[in-house]
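In: Quick one: sequence and predicted model below, then my questions.
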Amino acid sequence: MSFVIKTPADVRPSEITPERVYQTRRRFMHVIGAAGLASSVPAVALHTGWMDSKGFAPAPPSEDTVTPRGYATSFNNFYEFGTDKNDPAELGSRLTTEPWKVEVAGLVGKPGTYDIEDLLTGVDLEERIYRLRCVEAWSMVIPWIGFPLKTLLERFNPLGSAKYVAFTTLYRPEEMPGQRSYFSSIKYPYVEGLRLDEAYHPLAIMAVGMYGQVLPNQNGAPLRLVVPWKYGFKSIKSIVRIELTETRPRTTWNLTASNEYGFFANVNPTVHHPRWSQGSERRLPSSLFNGNRKVSTRMYNGYDEVAGLYAGMNLRLNY
Amino acid sequence: MLMGWDVAIEIRSPGSVFGADPAEAIVVLLGTWTIRLLLVTLSISTVARIFKRPRIVTLRRTVGLWTFVYACIHFTAYFTLLAEFSISAWLEDFSERTYITAGMAALMLLIPLAVTSTRNWQRRLGLRWRKLHTLIYPAAMAALLHVLWAAKASFLDVFIYGLALAILFGERIVVRIRRRAGRGAISR
C-alpha cells in the first residue's frame, strides 16, 4: 500500500524547532520582557524571559552537528521522574523551579543559602556546544548556556583545605514520582561530585539554559552541571546543594553499583562497562534504516585538554 | 502486529514513534513481548488445571511458537540494529555481557522446543518429548536473568515477571506433590 512506500517524511522532527524560530522567539521575549516589567506580569512570565534580558555570548560554529532540540528534550535520563526515556519530558512539568535556592556548605568562607537570582547576578552567560556521551553508549550534541563552574565556586571563597566539591539534586518526592518508586535501587537524593581541580577546569560549566532558552525541567532546570569529558550521569541536574569537602564525596551511581560506575567516570573507550561496550557510541537521533550513525568513542569524549588532570593515574582502576 | 504499523510510521517520519533511539526502543519492545508470551505459554496448562478446562491446552503449541517467533525477531532486531550485522560485536557482547549471554541461552533452549513442536515429533519422541519440553523452565529462568541483568536501576518489570514465574512454578510443584500423595494413597 502507498503509505509504506512513500519517501521519507515531509516533516522531520528536526524541523519542529528550527534555530530561526527560537532566535525570533528570543527577540520577541526581549520586547515582551521589557513590557512585562512595566505592567507587572506574573513572576512566571518574567522568569521565562529572564535569560533573554540577560543575553549570552553565542558559541562559535561547531564541528559537530547539533542534535535537534526536540530529541534533546524528549529523550532523557532523569530517574527522579521515571526510568523510561520519555518519562522526564512527560512528568517534568510537575516540578516547581521557582523559587529556587541553593545551599552552600562545607569548606567555604561564605556558606549560606542563596537564591538562584543572586548566584547569577554579575555572571556572563555563554553558549557552549558540547558532545554529551551517556554511559549507555549513545551521544548527542547540545548547545548549553551557562558559565564556568569555577566562577561560581570562587564566589564562596573556598578554603585551602577543600579538595572536592559535592552536589545534591532536589529531593521532592511529591513532584518527582521516580523518588517514590519502590522498585528503584537508587537512593535519593541524587548526589555527585568532582575533584576541585576538575571543577576548576574551564570546560566544566554550570548550565542554566540550552538551545537559546532556559533549561526545560527534564534537562535539569534551573541549574545543572555539565562536564563534557565525563559520562552524562556526572552532570548532575536541578542542583540544590553545593558542599566543598576535604574527602571524596559519595556519588549516586557508584553507591548503586560500584563495580559498574566509578567516581571519575571519564569517557574512556578502552574501559568497558559490564553492560555496554564503550568503544563506540550511537550519535542520536539514529534512524532505523539510514544507519545508526555509530561513531568511535574518543578518550575524554575528545576533550584532550583535560588529560593533564589525570597524569600518572591508572584509569583502568580509577574508572 | 500493531508494531508493524508503528514501524511503518517510523520509517516515514523518523523519531515520531520510537523517539531519538528507535533501534534500542524496538529491540526492547520486542523483548518485552517475547517474555510476556513466554509467561502466557507457561500459564496455559496452569489455567487449564485450575479452571478444569483441559481443552485449552491445545492452544499451547500456537502460543509457544509465537513466543519463539518473537524471540527470533527480537534477536534479529538486536543483531541488525544494535550489533549492525557485526559477528564480532555480537561475540563480544555474548562473552562480556552477562545479560546477552543469558538471552542467547534462552533463545538456544527454545530452538529444540520449536523444532519438535509438531505432532510428528511428538509421536516419534513419545515419553521423551515431555522430558525434552521441560527445557521451557530453564529457558524461562534464563529469560528472567536476561531482563534482570539488563536492568539498570528499575526493577518493577523484573519483579512482575519474577512473581508470575514463581506462581507458575509454584503451582506445578503443588500439583506434583498432590499427585505423588494421591498415588501413595492409592497404593496403600
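Out: Right, received. Where do you want to start?

In: If we ignore the residues flanking it in sequence, what's nearest the spatially most central residue of chain B?
Out: Closest residue to the average C-alpha location of chain B: B:Leu38 at 3.5 Å, with Cα atoms, centre = their mean. With sequence-adjacent residues excluded and distances taken as Cβ to Cβ, 6 or more residues apart in numbering or on different chains, B:Leu38 is closest to B:Thr67, at 4.9 Å. Glycine gets a C-beta too; all of them are placed from N, C-alpha and C.

In: for that neighbour, what are its contacts?
Out: By Cβ atoms under 8 Å, 6 or more residues apart in numbering or on different chains, B:Thr67 lies in contact with B:34, B:37-38, B:40-41, B:110.

In: Please enumerate the helices of chain B.
Out: B:2-12, B:22-50, B:59-77, B:87-96, B:98-115, B:119-125, B:127-132, B:136-150, B:156-187 (DSSP state H).

In: just for chain B, where's the confidence low?
Out: For chain B, applying pLDDT under 70 flags the ranges B:1-2, B:12-16, B:184-188.

In: Can you tell me which residues in it are near chain A?
Out: B:7-8, B:10-16, B:19-26, B:81-82, B:84, B:89, B:92-93, B:96-99, B:149-150, B:152-156, B:159 (Cβ under 8 Å from any Cβ of the partner chain).

In: Give the residue spans of chain A that score low on pLDDT.
Out: Ranges of chain A meeting pLDDT under 70: A:1-52, A:289-292.

In: For the stretch 151-300 of chain A, list the residues in contact with chain B, please.
Out: A:181, A:183-186, A:256, A:272, A:274-277, A:282, A:284-290, A:292, A:294.

In: Filter these down to the buried ones.
Out: Among these, those scoring as buried are A:181, A:184, A:186, A:275-277, A:282, A:284-288, A:292, A:294 (criterion: 16 or more other Cβ atoms under 10 Å in any protein chain shown).

In: Output those residues in TSV; the columns should cover secondary structure.
Out: TSV is the format used below for these (DSSP: H, G, I helix; E, B strand; the rest coil):
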residue	secondary structure
A:Ser181	coil
A:Ser184	strand
A:Ile186	coil
A:Arg275	coil
A:Trp276	coil
A:Ser277	coil
A:Arg282	strand
A:Leu284	coil
A:Pro285	coil
A:Ser286	coil
A:Ser287	coil
A:Leu288	coil
A:Asn292	coil
A:Lys294	strand
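
In: Name the nearest of the contacts of B:Thr67 relative to chain A.
Out: B:Thr34 (18.8 Å; Cβ to the nearest Cβ).

In: on that earlier part again, are any of the residues of chain B next to chain A buried, and which?
Out: By 16+ other Cβ under 10 Å, the residues of chain B next to chain A give B:7, B:10-12, B:14-16, B:19-26, B:81-82, B:89, B:92-93, B:97-99, B:149-150, B:152-155 as buried.

In: ok, the nearest residue to B:Ile26 once chain neighbours are set aside - how many residues close by?
Out: Spatially, and ignoring its direct neighbours in sequence, B:Ile26 is nearest to B:Ala77 (5.6 Å; Cβ to Cβ, 6+ apart). For B:Ala77, the count of nearby residues is 19 (other Cβ atoms under 10 Å in any protein chain shown).

In: can you tell me which residues contact B:Ala77?
Out: B:23, B:26-27, B:30.

In: what's the spacing between it and A:His273?
Out: 22 Å (Cβ to Cβ, to the nearest Å).

In: Please apply the same query to B:Leu82.
Out: B:Leu82 is 15 Å from A:His273, by Cβ to Cβ.

In: same deal with A:Arg155?
Out: As judged by Cβ to Cβ, A:Arg155 and A:His273 stand 36 Å apart.

In: And A:Glu281, by the same measure?
Out: 12 Å.

In: Which one of the two is surrounded by more residues?
Out: A:Glu281 (25 against 19).

In: my read: the more buried one touches A:Ala137, true?
Out: Yes: assessed by Cβ atoms under 8 Å, A:Glu281 is found in contact with A:Ala137 at 5.1 Å.

In: list residues touching both of these two?
Out: A:Thr297.

In: Quick check: phi and psi on the residue in the stretch 201-319 of chain A that chain B sits nearest to?
Out: Nearest residue of the stretch 201-319 of chain A to chain B (Cβ to the nearest Cβ) works out as A:Ser287 at 3.9 Å. Main-chain dihedrals, A:Ser287, degrees, to the nearest 10: phi -130, psi 160.

In: what comes up buried for stretch B:140-148?
Out: Of the residues in stretch B:140-148, those buried (16+ other Cβ under 10 Å) are B:140-148.

In: who's in contact with it?
Out: B:31, B:34-35, B:38-39, B:42, B:98-100, B:102-103, B:105-106, B:109, B:155, B:157-158, B:161-162, B:165.

In: PyMOL command for the buried members of those?
Out: Restricted to buried positions by 16+ other Cβ under 10 Å, the PyMOL selection for the contacts of stretch B:140-148 reads:
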select buried, chain B and resi 31+34+35+38+39+42+98+99+100+102+103+105+106+109+155+157+158+161+165
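
In: Okay, A:Asp197 and chain B: tell me how far apart.
Out: 30 Å (Cβ to the nearest Cβ, to the nearest Å).

In: Roughly how far does that residue sit from A:Thr169?
Out: Applying Cβ to Cβ to A:Asp197 and A:Thr169 gives a distance of 23 Å.

In: Which of those two has more residues huddled nearby?
Out: A direct count of neighbours by other Cβ under 10 Å for A:Asp197 and A:Thr169 places A:Thr169 higher, at 23 against 13.

In: List the beta-bridge partners for that one.
Out: A:Thr169 has these beta-bridge partners by DSSP bridges: A:Ile239.
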